[in-house]
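Chemist: structure, please.
(one chain, ligands or ions: 2)
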Amino acid sequence: MLGDLKIAFIGGGTMGEMIISRLLSTKTIQQPDLVTVSDPLSTRCFHLEREYGVRTTTSNIEAVQGASIVILAVKPQVLASVMATLKDKISPDALVISIVGGVGIASLCQGLNHPAVVRTMPNIAVQVGHGTTVWSASSSVTEIQRSHTQVILQALGKEFATQNEHYLDMATALSSAGTGFIFLYIEAVIDAGVQMGLTRAQAQELTLHTIAGSVELMFQTDEHPAILRNKVTSPGGVTAAGLYELEKGGMRTVISNAVLTALSRTQQLGNMF
Ligand SMILES: NC(=O)C1=CN([C@@H]2O[C@H](COP(=O)(O)OP(=O)(O)OC[C@H]3O[C@@H](n4cnc5c(N)ncnc54)[C@H](OP(=O)(O)O)[C@@H]3O)[C@@H](O)[C@H]2O)C=CC1
Ligand SMILES: O=C(O)[C@@H]1CCC=N1
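Modeler: Ligands and ions are numbered 1, 2, ... in the order given. Below is the predicted model of the structure:
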């Protein structure tokens with residue numbers, strides 16, 4: 001557990017708030033006043049204080065004072081100025097955990113002049129403890145700091161450590177941006193249900209259970225998706241007719257292009273540093 005370690009969040013936006021909320025609700029962080037969040041918008045600070053009882057500030061330097069763990073949760077586009085402000089301001093013993101898309105460990109260590117950095121790529125499902133996070137640590141991260149990282153990430157869902165940072169970029173496209181692609185698919189299926197005449201609530205319930213059931217079936221049987229798809233597809237039947245339209249519309253290529261374009265964008269954001 002994290003005991004009475006102080007944790008600073010730089011950026012209290014969508015992801016910052018989800019992580020704070022989950023770490024507090026699971027008691028991974030025992031007391032909200034161990035957390036200080038910095039965010040430029042004072043209205044955002046008031047919201048986080050009121051909702052979670054955490055400390056807030058509009059000063060990044062103030063946030064990291066006395067912190068043993070500093071979580072960077074800002075957009076890559078503002079990271080350069082954030083790192084310039086925080087350079088040499090973080091305690092040398094502290095661990096920095098970044099969730100910033102695309103930005104590599106070497107750039108983070110150099111920008112902050114700080115050796116102990118963990119780069120992570122979580123996804124939005126951290127909010128409900130079903131996140132998927134891939135992470136990689138710089139060589140200066142100690143065993144204790146690695147175990148603190150695991151405690152934090154396990155409270156958010158599944159965590160996968162890797163020494164190959166390329167996986168972080170791939171995870172950004174596949175398992176992080178990928179949630180957005182899945183939500184688009186879900187939205188489209190619900191809309192099709194409404195078009196057929198189901199209520200939106202009925203369409204949503206059927207769609208979510210269908211997806212959850214399909215995922216569970218794959219987890220439990222460990223069968224290739226093509227095998228399961230073939231089992232659904234009765235000769236001359238309904239599934240075959242629908243699958244023909246998906247293939248004609250280029251579904252595989254569209255999905256593949258989306259993931260590969262997301263990977264390029266991740267690399268492009270990282271190349272700013
Ligand atoms: N959203 C997602 O699903 C995921 C996002 N990420 C990564 O997480 C990071 C944050 O993303 P997300 O939460 O979606 O973005 P948000 O814009 O919601 O959050 C970023 C927060 O940082 C604040 N901020 C801006 N400038 C500064 C500054 N100089 N100092 C401190 N805080 C600042 C923003 O304030 P303001 O709005 O006023 O600018 C905002 O509240 C990104 O790097 C992204 O790549 C990683 C995995 C998943
Ligand atoms: O869209 C983004 O840039 C961030 C990183 C991955 C998911 N959301």
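
Chemist: surely residue 9 is within a strand?
Modeler: Yes. With DSSP: H, G, I helix; E, B strand; the rest coil as the criterion, residue 9 is assigned to a strand.

Chemist: enumerate the residues of the stretch 51-200 of the chain near ligand 1.
Modeler: For the stretch 51-200 of the chain, the contact set with ligand 1 under Cβ under 6 Å from any ligand atom comprises 60, 73-76, 78, 81-82, 99-101, 121-124, 176. For glycine as for every other residue, the C-beta is placed from the backbone atoms N, C-alpha and C.

Chemist: buried ones among those?
Modeler: Among these, those classed as buried by 16 or more other Cβ atoms under 10 Å are 60, 73-74, 76, 82, 99-101, 121-124, 176.

Chemist: among those, which are in strands?
Modeler: residue 121 (DSSP state E).

Chemist: which of the buried ones among the residues of the stretch 51-200 of the chain next to ligand 1 are close to ligand 2?
Modeler: By Cβ under 6 Å from any ligand atom, the members of those lying near ligand 2 are 101, 176.

Chemist: and the buried ones among the residues of the stretch 51-200 of the chain next to ligand 1 as TSV, adding pLDDT?
Modeler: Rendered in TSV, the data for those read as follows (pLDDT from 0 to 100):
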residue	pLDDT
60	98
73	98
74	98
76	96
82	98
99	98
100	98
101	96
121	98
122	98
123	98
124	98
176	98
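
Chemist: can you give me the helices in the stretch 151-273 of the chain?
Modeler: Per DSSP state H, counting those that start in this stretch, the stretch 151-273 of the chain has helices spanning 166-171, 177-196, 200-221, 225-232, 238-248, 251-270. These are given in chain order.

Chemist: which of those helices sits closest to ligand 2?
Modeler: Checking those against ligand 2 by Cβ to the nearest ligand atom gives helix 177-196 as the closest, at 4.6 Å.

Chemist: show me what that closest one is packed against.
Modeler: Judged by 3 or more Cβ pairs under 8 Å, 6 or more residues apart in numbering; DSSP states H and E, helix 177-196 is in contact with helix 200-221, helix 251-270.
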